[in-house]
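Asker: Predicted model and sequence follow; I will ask about them next.
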Amino acid sequence: MASSEIQSELFGIPKRLFWGFIAIALFMVGDGIEQAFLSKYIVNIGFSTSQASLVSTVYGLMVVVASWFAAVLAEVYGPRVIMFCGVVLWIVFDIGFLTLGLGPKNYTMMLVMYGLRGTGYPFFLYGFLVGATHVTRKSRLSTMIGWFWCMYSIGIGVVGTYLPSFTIPSIGFMPTLWMSNIWIAVGGCLALVLTRNYFVVHKNGKSTKERFGRVVQDIGVVYRNPNIIKIFIVRIINQLSLFGLVVVFPILFTNRIGFTTQQWLWIWGAMNITLIFGDVFWGMVANRIGLRRQVMWFGCVGCGITTLLFYYLPVSNGPVFWIAVLVAVLFGVTESAFVPIFVIFTSLEPKHIGATLSAQNLAGGISNFAAPALATLILPFFNVVGVVWVFAILYFIGAAITLFVRVPEPGRNQLSRSRVLNESGSNVVGE
């Protein structure tokens, strides 16, 4: 990266990229508005808890497919084209979900339309991530990813969670759901404008067919790396509680423990506020304490413990708001410790970025699908406590797998070399 580009950095990342992150936050507000209350609303209009969970499961399945294709297509056609497709797909199928499915209580159309809407956010989000990876210095990747998930959390977790706690009492459920389209349109358009002439396709004289063939070849290389397979499994485990608890906890916290819907939204929002600061903090800390060590101890082991606490402390103490908020914050701290897992993927196969991102996205998509799917399967037999224990055990298994991942850590090694050179009186030359 040229020195002029380095000088235009803000908080360690390119300035224009930072403002693109603001657009990501706006987009994810729209995507997250219904996250913490949709399952409860579906139950309230006459469907079972398992039916509500199946809606999220189908949505997650489509996210799996779209997440895998997003990075591949972004490498071939360019990030901005895929981001634009994501915006259009999200709005079109959300309108279909509201008018053809949820409004008339047509369960089949709810499954179809909400599922197809699941292709929208991975195209937009991961299309942006591919472009951001290409324009960020390798030594800044961990910081960039921290900011990326920080803005994601601000959008989907904080504003997207707290906003409906105020709009639902005043305008109702359906108008709140319609409002999400405004956030999607504004965030999507802003991101596309801000990345104009910045996220470009490097064709290198090759046709679209040739570039697509190259990416497919790279995918074959990536999946033959045993360390990629191990971290792929850990990435799936990464967000199980994040995507799974939000399906079963709204009903648990309101119907069984005794919190109001608004209180539950504030509790889940507290967790997401913690993710904001945690993503940035862990993104900066990762290169100092080690990417693998952080993911294993603070991510896997930490989430296994806090997932159990998130269930048992509120159930044992009843609707005590500060206890519920405390465990939500603790869970947010440990969940955000997974931030460097993205950097682990790219450091394992640095010459195949598109294919590596595709693998990382696929694992994230599977997590989005597997979490509600596991909840759907376990709920009829073991209730919510069974779901919680399965998630916790999987986190502990993830820690064991991470122990055997061999990760080159260029950022940490570079920091160590810099210290040695400084101590010897030599000048350290940046990239």
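Answerer: The structure has been received and is ready for your questions.
Asker: any weak-confidence spans in the stretch 151-300 of the chain?
Answerer: Low-confidence segments of the stretch 151-300 of the chain, defined by pLDDT under 70: 200-207.
Asker: Double-check Leu240 against Tyr395; I have them as touching.
Answerer: Yes: counting by CB atoms under 8 Å, Tyr395 is a contact partner of Leu240 at 7.4 Å. Heads up, the C-betas are built off the backbone N, CA and C, glycines and all.
Asker: show me where the stretch 1-150 of the chain has helices.
Answerer: 3-7, 15-32, 38-44, 49-77, 79-96, 107-117, 120-134, 141-152 (DSSP state H, counting those that start in this stretch).
Asker: would you list those helices in JSON lines and tack on mean neighbour count and distance to Ala399?
Answerer: Formatted as JSON lines, those follow (neighbours: other CB atoms under 10 Å; distance: least, CB to CB, whole Å):
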{"stretch": "helix 3-7", "mean neighbour count": "10", "distance to Ala399": "37"}
{"stretch": "helix 15-32", "mean neighbour count": "23", "distance to Ala399": "28"}
{"stretch": "helix 38-44", "mean neighbour count": "20", "distance to Ala399": "29"}
{"stretch": "helix 49-77", "mean neighbour count": "23", "distance to Ala399": "24"}
{"stretch": "helix 79-96", "mean neighbour count": "21", "distance to Ala399": "33"}
{"stretch": "helix 107-117", "mean neighbour count": "19", "distance to Ala399": "33"}
{"stretch": "helix 120-134", "mean neighbour count": "26", "distance to Ala399": "26"}
{"stretch": "helix 141-152", "mean neighbour count": "25", "distance to Ala399": "20"}
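Asker: any chance of the ones you listed in CSV, plus distance to Val301?
Answerer: Putting these into CSV (distance: least, CB to CB, whole Å) gives the following:
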stretch, distance to Val301
helix 3-7, 37
helix 15-32, 27
helix 38-44, 29
helix 49-77, 25
helix 79-96, 35
helix 107-117, 34
helix 120-134, 27
helix 141-152, 20
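Asker: Of these, which is nearest Ala371?
Answerer: Comparing the helices of the stretch 1-150 of the chain by their distance to Ala371 (CB to CB), the top pick is helix 49-77, with 7.0 Å.
Asker: Going by contacts, tell me the helices and strands next to the closest one.
Answerer: Judged by 3 or more CB pairs under 8 Å, 6 or more residues apart in numbering; DSSP states H and E, the packing partners of helix 49-77 are helix 38-44, helix 79-96, helix 107-117, helix 120-134, helix 208-222, helix 240-251, helix 353-402.
Asker: Averaged pLDDT, it. What do you get?
Answerer: What helix 49-77 shows for mean pLDDT is 84.
Asker: tell me the contacts of the nearest residue to Glu75 once chain neighbours are set aside?
Answerer: In space, and not counting its chain neighbours, Glu75 is closest to Gly354: 3.5 Å by CB to CB, 6 or more residues apart in numbering. Contact partners of Gly354, counting by CB atoms under 8 Å, 6 or more residues apart in numbering, are Ala71, Val72, Ala74, Glu75, Val130, Val215, Asp218.
Asker: I figured Pro319 hits Phe259, correct?
Answerer: Yes: with contacts counted by CB under 8 Å, Pro319 reaches Phe259, the gap being 5.0 Å.
Asker: Looking at these two, which one has more neighbours?
Answerer: Phe259 (22 against 16; other CB atoms under 10 Å).
Asker: So the more buried one, which state does it fall into?
Answerer: Here Phe259 is recorded as coil under DSSP: H, G, I helix; E, B strand; the rest coil.
Asker: mind checking how far it is from Leu291?
Answerer: Computed with CB to CB, to the nearest Å, the distance linking Phe259 and Leu291 is 37 Å.
Asker: Would you state the helices of the stretch 201-350 of the chain in chain order?
Answerer: Going by DSSP H, counting those that start in this stretch, the stretch 201-350 of the chain shows helices at 208-222, 226-238, 240-251, 261-289, 291-293, 302-317, 321-336, 341-348.
Asker: Columns distance to Val88 and mean neighbour count on top of these, output as JSON lines?
Answerer: Listed next are the helices of the stretch 201-350 of the chain as JSON lines, based on distance: least, CB to CB, whole Å; neighbours: other CB atoms under 10 Å:
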{"stretch": "helix 208-222", "distance to Val88": "20", "mean neighbour count": "15"}
{"stretch": "helix 226-238", "distance to Val88": "28", "mean neighbour count": "21"}
{"stretch": "helix 240-251", "distance to Val88": "24", "mean neighbour count": "25"}
{"stretch": "helix 261-289", "distance to Val88": "27", "mean neighbour count": "22"}
{"stretch": "helix 291-293", "distance to Val88": "36", "mean neighbour count": "21"}
{"stretch": "helix 302-317", "distance to Val88": "35", "mean neighbour count": "20"}
{"stretch": "helix 321-336", "distance to Val88": "31", "mean neighbour count": "21"}
{"stretch": "helix 341-348", "distance to Val88": "26", "mean neighbour count": "24"}
